[in-house]
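K.L.:
Sequence first, then the predicted structure:
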Amino acid sequence: MSRRLSGKHILVTGAAQGIGLAIAKACIAEDAALFLIDMDGALLADEAQTLLSSGARLGYARADITDAAAIHTIVAQAGREIGPINALINNAGINVFSEPLETTDAEWDRCFDVNLKGAWNCCKAVLPGLIEQGGGAILNIASTHAFTIIPHTFPYPLAKHALLGMTKSLGLEYAARNIRVNALAPGYVSTQKVIDYWNSFADPIAAKAETMRLHPGGRIATPEEIALAAVFMISDECPFMNATCLTIDGGLSVQQHP
């Protein structure tokens with residue numbers, strides 16, 4: 001342990017599995033105290049108990065980030081259990097992929113409620129405390145969908161583009177308050193969501209092979225590789241990084257005609 005996150009009290013959303021859980025583990029390994037939230041309360045409790053048994057300093061609660069009042073309550077609870085929140089990692093999100101004219105109002109609302117408004121609810125809940133403490137850091141887990149478009153994934157890219165815009169806007173608004181707001185944009189990552197995507201095809205093995213073929217290195221990222229970048233961006237090692245986005249996609253988004 002290098003204790004890169006000593007003194008950090010971090011709220012992590014969507015922390016029960018995938019990238020969120022990998023980030024939680026990486027932050028714990030660097031001496032952070034965490035408060036974890038997720039919609040899947042049972043899975044979150046199982047994972048949190050495992051982390052607690054290994055000596056982690058953390059609290060946890062089931063929470064819906066689309067419920068602004070509940071998130072404010074959670075931030076207060078986190079302050080009592082692990083200390084005042086001085087960093088936020090907005091990881092929670094959902095895939096809503098459709099054709100534009102086939103997208104229902106319910107799909108549109110759910111996509112923006114979780115991927116954009118939910119992230120804003122969490123930012124809004126922690127910002128007063130960050131201001132009072134004299135600074136802090138917010139990291140929004142965006143996506144390469146925040147600046148590239150994949151057909152048939154509407155309206156998800158719209159929400160991620162907006163999330164990147166919110167990141168830049170908040171970063172500028174609160175820079176003078178010593179608050180950094182940045183984004184991290186993963187490409188394909190070996191999570192259950194990606195596996196489910198492959199399994200949605202008639203030939204999942206061929207679908208996986210096609211995904212790998214798209215990447216210059218012939219593979220996709222692991223959740224742990226994304227977590228390493230998250231630790232860096234939430235740490236004090238990049239004090240002048242603000243209102244920007246770090247892309248981790250193995251070069252996929254800069255490659256033409258793979």
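P.N.:
On my side now, so go ahead.

K.L.:
Can you find the helix or strand in the chain with the smallest mean pLDDT?
P.N.:
helix 192-199 (a mean of 91; mean pLDDT, DSSP states H and E).

K.L.:
Next, R4: secondary structure please.
P.N.:
coil (DSSP: H, G, I helix; E, B strand; the rest coil).

K.L.:
Any chance of the backbone angles for it?
P.N.:
As for R4, its main-chain torsions (degrees, to the nearest 10) stand at phi -70, psi -20.

K.L.:
now do the one 10 residues further on
P.N.:
In this entry, G14 is assigned phi and psi values of phi 60, psi 40 (degrees, to the nearest 10).

K.L.:
Could you measure from it over to L36?
P.N.:
Here the criterion is Cβ to Cβ, to the nearest Å. By it, G14 lies 9 Å from L36. Quick note: C-beta positions are derived from backbone N, CA and C, even for glycine.

K.L.:
anything in contact with each of these two?
P.N.:
Common contact partners of G14 and L36 (Cβ atoms under 8 Å, 6 or more residues apart in numbering): G20.

K.L.:
residues contacting the spatially closest residue to F35 that is not a sequence neighbour?
P.N.:
Of all residues not flanking F35 in the chain, A78 sits nearest, at 3.6 Å (Cβ to Cβ, 6 or more residues apart in numbering). Residues in contact with A78 (Cβ under 8 Å, 6+ apart) are H9, L11, F35, G59, I85.

K.L.:
Let me know the closest of those residues to A68.
P.N.:
Nearest to A68 among the contacts of A78: L11, at 14.5 Å, using Cβ to Cβ.

K.L.:
Please give the element, helix or strand, for that closest one.
P.N.:
Using DSSP states H and E, L11 sits within strand 9-13.

K.L.:
next SSE after that strand?
P.N.:
That would be, after strand 9-13 and using DSSP H and E, helix 18-29.

K.L.:
in stretch 45-63, what counts as buried?
P.N.:
Buried residues in stretch 45-63, counted by 16 or more other Cβ atoms under 10 Å: A45, E47, A48, L51, A56, R57, L58, G59, Y60, A61, R62, A63.

K.L.:
Stretch 29-39 now?
P.N.:
For stretch 29-39, a neighbour-count test (16+ other Cβ under 10 Å) marks A29, E30, A32, A33, L34, F35, L36, I37, D38, M39 as buried.

K.L.:
so of the residues you listed, which ones are in helices?
P.N.:
If you go by DSSP state H, the buried residues of stretch 29-39 have A29 in helices.

K.L.:
Widest-spaced pair of the buried residues of stretch 29-39?
P.N.:
Maximum distance among these (Cβ to Cβ): 26.1 Å, for E30 and M39.

K.L.:
thinking again about what came up before, what mean pLDDT does the host helix or strand of the residue nearest to F35 have?
P.N.:
Taking DSSP H and E as the definition, A78 sits inside helix 68-82. Across helix 68-82, pLDDT averages out at 98.

K.L.:
who's in contact with D64?
P.N.:
With Cβ under 8 Å, 6+ apart, D64 has these contacts: M39, A70.

K.L.:
picking up where we left off before, list the buried residues for the helix holding A78?
P.N.:
In helix 68-82, counting by 16+ other Cβ under 10 Å, buried: A68, A70, I71, H72, I74, V75, A78, G79, I82.

K.L.:
Pull that helix out as CSV, backbone CA atoms only.
P.N.:
Taking Å, rounded to 0.1, in the frame of the first residue of the first chain, the C-alpha atoms of helix 68-82 are listed here in CSV:
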residue,chain,number,x,y,z
ALA,A,68,-32.2,13.5,-5.0
ALA,A,69,-33.5,13.7,-1.5
ALA,A,70,-32.3,10.1,-0.8
ILE,A,71,-28.8,11.0,-2.0
HIS,A,72,-28.6,14.0,0.3
THR,A,73,-29.6,11.7,3.1
ILE,A,74,-26.9,9.3,2.1
VAL,A,75,-24.2,12.0,2.0
ALA,A,76,-25.1,12.9,5.6
GLN,A,77,-25.0,9.3,6.6
ALA,A,78,-21.7,8.8,5.0
GLY,A,79,-20.3,11.8,6.8
ARG,A,80,-21.3,10.2,10.1
GLU,A,81,-19.9,6.8,9.3
ILE,A,82,-16.6,7.5,7.5
